[in-house]
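S.K.: I'll drop the sequence and a predicted model, then ask my questions.
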Amino acid sequence: MTYDRNLASRLFNAVNMTLLVLIAAMMIIPFLYIILISFATEEEVLAKSFLLFPTKFSLTGYRYILSTPILLRSLGVTIGVTVIGTLVNLLMTVLMAYPLARKDLYGRQPIMLMIIFTMVFNAGIVPTFLIVKGLHLTNTYWALIMPGAISAFNLIIIKNFFQQLPDGLEESAKIDGCSDPGILFRIVIPLSMPAIATFALFYAVNHWNTFLSAILYINDSSKWPIQVLLRQIVILSEKGLSDLSEAPPPPSKIINMAVIVFSTAPILAVYPFLQKHFAKGVLLGSVKG
């Protein structure tokens, strides 16, 4: 009986491990393919319809992208919008989530119903554009930040997270003479850093990938974020043009892969610095019997 149970357990583990390896390979192999093709030479890309492992490596695609005169300025725009936008998102989300987490807040339920209403019904692109235009935010960087300053979904999750904190912490702080802002910034936020770091990454990724908002609200090419500029580079390379670059365009396939790697790598580099917060204990050592 014990032997059969051990055999079934080993068989289950083997099948489970095989499935996990296959799923991981389905996710990793396409990304490796993109990276390898971005370093391939023009000759191999043009000679072979399908190329998995290039025999020679070249930086032609990256040289073409980096030769674009406005690339660094566009990259600076994206970094600035990502940093400032993420700070605005976190500040406004936390400042709204904390009072909503308090059960003694007057009108708490109607406010929550209005927040949930925005998750179900959306005004649409045209009304949002008219509001942004009416506020004179078009052609400004604030048009990329303010319309999505608070995510209703993230707000609800952070509010629920704040509600899980022990009431004894706030009561003890009030006895010591701490004000409500002091409780928020000195107790609640430090204990909530794993959740805040997680949503900081979500907000940052959203700002880094800003594309549609920039297309709608930004007409000045000098204010384009990196995603819009890279799209323009891809379009011109497919048409055989090189208006945005001083170098002749290599095959569009190399440029497409290099653009994907160039736009993805920076945000991937940030992840290891925030990953440690995801599984970190939130209340470890904060409350003692």
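M.R.: Structure's in. What do you need? Numbers count the residues shown, from 1 in each chain.
S.K.: what sits against residue 206?
M.R.: residue 148 (Cβ atoms under 8 Å, 6 or more residues apart in numbering). All C-beta atoms are positioned from the backbone trio N, CA, C, and that covers glycine.
S.K.: wait, I meant residue 264
M.R.: Per Cβ under 8 Å, 6+ apart, neighbours of residue 264: none.
S.K.: What is the subsequent helix or strand relative to the lowest-mean-pLDDT helix or strand in the chain?
M.R.: When the helices and strands of the chain are scored by mean pLDDT, DSSP states H and E, helix 42-47 comes last with a mean of 74. Reading on from helix 42-47 to the C-terminus, the next helix or strand found by DSSP states H and E is helix 60-66.
S.K.: immediately after that following helix, which helix or strand?
M.R.: Downstream of helix 60-66, the next assigned helix or strand under DSSP H and E is helix 71-100.
S.K.: Show me what the least confident helix or strand of the chain is packed up against.
M.R.: Packing contacts for helix 42-47, counted by 3 or more Cβ pairs under 8 Å, 6 or more residues apart in numbering; DSSP states H and E, involve helix 252-278.
S.K.: Buried residues, the helix it packs on. List them.
M.R.: Neighbour counts over helix 252-278 (16 or more other Cβ atoms under 10 Å) mark 252-263, 267, 277 as buried.
S.K.: Show me which of these is closest to residue 100.
M.R.: residue 277 (22.9 Å; Cβ to Cβ).
S.K.: Just the pLDDT for the closest one.
M.R.: Residue 277 carries a pLDDT value of 62.
S.K.: start the count at 253, not 1, going forward
M.R.: Sure thing, new numbering starts at 253, so read that last one as residue 529.
S.K.: gap between the stretch of helix or strand residue 263 belongs to and the chain center?
M.R.: Secondary structure from DSSP H and E places residue 263 in helix 254-290. Put simply, helix 254-290 sits 27 Å off its chain's centre (Cα atoms, centre = their mean, to the nearest Å).
S.K.: Can you give me every residue that contacts the residue nearest the centre of the chain?
M.R.: Nearest to the mean C-alpha position of the chain, by Cα atoms, centre = their mean, lies residue 457 at 1.5 Å. Residues in contact with residue 457 (Cβ under 8 Å, 6+ apart) are residue 519.
S.K.: tell me which element it falls in.
M.R.: helix 445-460.
S.K.: what angle do that helix and helix 323-352 make?
M.R.: 140 degrees (axes from the mean of the first three to the mean of the last three Cα atoms, to 10 degrees).
S.K.: so helix 445-460 versus helix 504-530, what angle?
M.R.: Going by the same axes, to 10 degrees, helix 445-460 makes 160 degrees with helix 504-530.
S.K.: next helix or strand past helix 445-460?
M.R.: helix 464-469.
S.K.: roughly how far is that next one from the heart of the chain?
M.R.: 17 Å.
S.K.: list the buried ones in that helix?
M.R.: 465-466, 468-469.
S.K.: can you tell me the average pLDDT over whatever helix or strand comes next after that helix?
M.R.: Next helix or strand after helix 464-469 toward the C-terminus (DSSP H and E): helix 478-490. The pLDDT scores in helix 478-490 average 78.
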